[in-house]
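In: sequence below, structure please.
(chains A and B)
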Amino acid sequence: MSNQHDATRGAGYAAGRTAAAGARLVADVARASQDSWPDATGVVAQANALSDRLEVLAEADADVFAAALVALATPSAELERHMQRAAALPLEIAEAAADVAALALVVAERCDGLVRADAAGAAALAAGASAAAAHLVRANLTVKPDDPRLVNALRAADDARYSASRALDAGV
Amino acid sequence: MPSDEQLVARCLAGDQEAWNDLVRSYSRYVFAICSQGYRLQGADAEDAFQDVFVRVYGRLGSLRNPEALRPWIAQLTRRVCLDRIAAGKREEPSDVEPDGIESTIEQLDEAFAVREALEELPEECQEVLDRFFCRDESYRTIGEELGIPSGTIASRISRCLARLRRRLEP
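Out: Below is the predicted model:
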């Protein structure tokens, strides 16, 4: 029963939770650098806000995805509405995850050297989550190649990848 | 933005605009206590809201310390809510408070203190903090809307939060 429930949560849920974990890591690293970095407190607040936002998005995505699976199994006039909603949440996850990667880059460039690798790791996690979420937007049946939702999702994933690349290079 | 002390002095001097400012400043606070603290809804919440400001209008002269305007209004609001709940149950007015009311009001006080401090920050700080923390906008969206490079938004938010913190420190 629980396996079936987990299976219907899907990649959007996993992407949201992964990016949220990355955000918490960013908060931890910034907190550890407060003595030498006055702006670290503000970064902790932003990272916590992003983590909370992504946890909510992950749960919402799981619900919407489950509803979309049911709608696909029993097609009706409601199918398109379910699929539209199933595209909207991964887009939000892709964008919020890109913000986590951007914040992780700021931290990687400014934090205590002892925890820099953790900030870079958080950026990489967030970039992976953003890419996964953007892929879900692309895979949605209602999204065409020139759809603004897809354009924005891919742009977020690109931003996240760029931030992660720079974070991984920071201090090496 | 005038201090509470100035606001009270102007109200007591008969300045109608000051009364409008007072209601504007405290309407959300009063409504939040009624709805979140005492679970009053719809017409009950609206009636309680009206009663509170009628009492404020009638009793402001009895406020000994104008700097304590907010806790005084909170106290009046609590009394009005208890009276309204008792009236709804056709009971005598009661002093029995709902569970958790102290912590609810503490949280509301904190939220309103942050809001007041936020209003004292420069417009650009208010805007960027509101967009990120209240409207959940992404760095890219904020950057595009405000014409600021998105790569600088996180640092800008941190600086604005530091200013907000300084405002809130005693």
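
In: what's the end-to-end length of stretch B:61-76?
Out: 14 Å (CA to CA, to the nearest Å).

In: got a list of contacts for that stretch?
Out: Applying CB atoms under 8 Å, 6 or more residues apart in numbering or on different chains, the external contacts of stretch B:61-76 come out as B:3-5, B:7-9, B:12, B:26, B:29-30, B:33, B:52, B:55-56, B:59, B:105, B:109, B:112. (Each C-beta comes from the backbone N, C-alpha and C, glycine too.)

In: residue A:78 touches residue A:71, doesn't it?
Out: Yes - using CB atoms under 8 Å, residue A:78 is in contact with residue A:71, at 5.8 Å.

In: spit out the contact partners of residue A:34.
Out: A:40-41, A:44.

In: up against chain A, what does chain B have?
Out: B:132-133, B:136, B:138-141, B:150-151, B:154-155, B:157-162, B:165 (CB under 8 Å from any CB of the partner chain).

In: so what's the residue count around residue A:8?
Out: 16 (other CB atoms under 10 Å in any protein chain shown).

In: ok, and which of the contacts of residue A:34 reach chain B?
Out: Counting by CB under 8 Å from any CB, the members of those near chain B are residue A:41.

In: centroid residue for chain A?
Out: The residue lying closest to the centre of chain A (CA atoms, centre = their mean) is residue A:97, at 2.9 Å.

In: same question for chain B.
Out: In chain B, the residue lying closest to the centroid (CA atoms, centre = their mean) is residue B:29, at 3.6 Å.

In: in space, what's closest to that residue - neighbours in sequence excluded?
Out: Closest residue to residue B:29 apart from its sequence neighbours, by CB to CB, 6 or more residues apart in numbering or on different chains: residue B:112 at 5.4 Å.

In: tell me the SS of residue B:148?
Out: Under DSSP: H, G, I helix; E, B strand; the rest coil, the three-state class of residue B:148 is coil.

In: please give me every residue in contact with it.
Out: Neighbouring residues of residue B:148 by CB under 8 Å, 6+ apart: B:142, B:156.

In: quick check: the gap between it and residue B:154.
Out: According to CB to CB, to the nearest Å, residue B:148 stands 11 Å off from residue B:154.
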